[in-house]
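[1] What follows is a protein structure lacking sequence information:
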């Protein structure tokens with residue numbers, strides 16, 4: 001009888017513990033919802049999917065901005081001027097850009113292709129350079 005009472009007490013405690021933690025995680029087969037009010041796919045390595053907070057600016061506008069500003073430009077990469085250094089042009093002017101080999105991420109673009117680049121604007125003794133983090137073909 002004593003063993004039965006202990007067994008019942010253990011079962012009650014197990015269900016109580018599960019119920020206590022149930023408000024933190026409600027599961028279905030595909031997504032998990034957390035008390036932070038967002039959902040995610042377990043194991044998903046996604047990122048932000050909303051609108052970009054960086055508007056496309058012209059080369060002329062970018063050159064007027066301060067150093068260490070993140071910019072997005074649309075135009076053409078017209079020539080290679082050094083190792084990982086290129087000349088970028090839109091209808092307002094040209095600017096030197098630096099694209100590390102691993103930042104191309106498979107994109108292939110020539111002087112006739114319109115691209116969108118994103119990166120950090122840097123002021124150096126030789127003028128303005130954009131250190132590009134992302135290159136994509138424009139639609």
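    In hand now; what should we look at? Quantities reported herein were computed from a predicted structural model and do not represent experimental measurements.

[2] residues touching residue 78, list them.
    86-89, 94, 111 (C-beta atoms under 8 Å, 6 or more residues apart in numbering). Using the backbone N, CA and C atoms, a C-beta is placed for each residue, glycine as well.

[3] how much space between it and residue 102?
    22 Å (C-beta to C-beta, to the nearest Å).

[4] low pLDDT regions in the protein?
    1-53 (pLDDT under 70).

[5] Check which residues of the longest strand along it are buried.
    Longest strand in the chain by number of residues (criterion: DSSP state E): strand 69-82. Buried residues in strand 69-82, defined by neighbour count with 16 or more other C-beta atoms under 10 Å: 71-77.

[6] ranges for the helices of the protein?
    Along the chain, the segments classed as helices by DSSP state H run 2-22, 59-64.

[7] Contacts for stretch 107-118 next, please.
    Contacts of stretch 107-118 (C-beta under 8 Å, 6+ apart): 54, 56, 70-79, 88, 97, 99, 130, 132-138.

[8] Within its sheet, name the partner strands of the longest strand of the chain and how each one runs.
    strand 56-57 (parallel), strand 85-90 (antiparallel), strand 114-124 (antiparallel) (DSSP bridges).

[9] want to try a markdown table for the ones you listed, with mean neighbour count and distance to residue 107 as columns?
    Output for the strands paired with strand 69-82, formatted as a markdown table (neighbours: other C-beta atoms under 10 Å; distance: least, C-beta to C-beta, whole Å):
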| stretch | mean neighbour count | distance to residue 107 |
| --- | --- | --- |
| strand 56-57 | 18 | 17 |
| strand 85-90 | 18 | 13 |
| strand 114-124 | 17 | 8 |
